[in-house]
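Undergrad: Just a sequence and a predicted model for now, questions to come.
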Amino acid sequence: MDMQVVWADRGCPLDLEPSAGRDESPALIALSRGGSVSVSAPAASLWLVLRGDAEVECRDGRFALASGQWLLLEREACPIVYAGTRAVVVGVALGADLQAQLHQSAQVAVFPGRGEVGPGVRSSAFGLWRRCAGFARNESRLREVDRIAFTQVLRLLAGLQHGYRGLVDRCPGRSLRRKRQVFSRMQRARLYLEGNLGRAVRIAELAELSNVSVWYFTKTFHALYGEGPQAASARLRLQHASRLLRQTRQSVSEVGAACGFENNCSFSRAFR
């Protein structure tokens, strides 16, 4: 099977665009030592940091990823991914047809979200990416990809999300396809909260993003995650504030402002 194969290394920026004559196509991506990739093609994408750190900017917000962390974004996200100076990052972009096939599979389905894996999974992922196709440094090219090796990559991605299966079952819907659709929308909303830690996100904004009513969104979100969207937003922003207080020299008022609190008093009260 033909796929775009991309490797951005040593600070080189590359663009992942649709192949000639195609609106979209799957791609295998590698970033290292300050390389960056901009995904302008409509495709769901997953990023796994094997070493170092990476930053992701997209329509769903901004995300900082450490070694062993992964992030999966929906096709509308159009991310730009920056690898740290000592980082190694692998990624895969999935076109709409391939993503639809995965959602119909009983075993392999992927959803928006983020998580963390151990060194063993990172080592396996690196081996799978290398076996799929030959990568040429600072180049994006259409290449023949080993179908069996790529299938193993997809199963690895699905394995990263094994903890989601119980949540999918709790989603409203008469069919597995509908449950997966609802779960995907809730996960994107939750990820949107994590990508916008600098402000308080309105419930109406999340409901519109999920294409459901505010009532339906609030009820389903709380049933899935055990807390309402406003409580989740406050918790995530306070966790971010805690990290900033530990890891930076910013003052309390600066941290509060960076996490979307109106003034120092409201931040101190919520933090306490």
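TA: Thanks, I have the structure now.
Undergrad: what's the next secondary structure element after the one helix or strand in the chain whose mean pLDDT sits lowest?
TA: Every helix and strand of the chain was ranked by mean pLDDT, DSSP states H and E. The lowest is helix 96-104, at a mean of 67. Proceeding N to C from helix 96-104, the next assigned helix or strand is strand 113-116, under DSSP states H and E.
Undergrad: for the next helix or strand after that next one, packing partners?
TA: Next helix or strand after strand 113-116 toward the C-terminus (DSSP H and E): helix 119-132. The helices and strands touching helix 119-132, judged by 3 or more Cβ pairs under 8 Å, 6 or more residues apart in numbering; DSSP states H and E, are strand 27-32, strand 44-51, strand 88-94, helix 147-160. Bear in mind the C-beta positions are built from the backbone N, C-alpha and C, glycine included.
Undergrad: buried ones in the next helix-or-strand element following helix 119-132?
TA: Next in sequence after helix 119-132, counting helices and strands by DSSP H and E, comes strand 139-144. For strand 139-144, burial by neighbour count (16 or more other Cβ atoms under 10 Å) applies to S140, R143.
Undergrad: what's the angle from strand 139-144 to helix 119-132?
TA: If you take axes from the mean of the first three to the mean of the last three Cα atoms, to 10 degrees, strand 139-144 sits at 70 degrees to helix 119-132.
Undergrad: Partner strands of strand 139-144, with direction?
TA: Sheet pairing of strand 139-144 (DSSP bridges) gives strand 2-9 (antiparallel).
Undergrad: And for the nearest residue to G260 once chain neighbours are set aside, the neighbour number?
TA: Excluding the flanking residues, the one nearest G260 by Cβ to Cβ, 6 or more residues apart in numbering is R199, at 4.0 Å. For R199, the neighbour count with other Cβ atoms under 10 Å is 13.
Undergrad: Just to be sure, R199 is in a helix?
TA: No - counting by DSSP: H, G, I helix; E, B strand; the rest coil, R199 is located in no helix; its state is coil.
Undergrad: What is the neighbour count of N264?
TA: 15.
Undergrad: That one and H240, how far apart?
TA: Going from N264 to H240 by Cβ to Cβ, to the nearest Å gives 17 Å.
Undergrad: G113 now?
TA: For G113, the distance to H240 equals 18 Å [Cβ to Cβ].
Undergrad: Could you check which of the two is surrounded by more residues?
TA: G113 (22 against 18).
Undergrad: Can you tell me the SS state at the closest residue to the more buried one other than its chain neighbours?
TA: In this structure, G113 finds its nearest non-sequential neighbour in Q187, 5.0 Å apart by Cβ to Cβ, 6+ apart. Applying three-state DSSP to Q187 yields a three-state assignment of helix.
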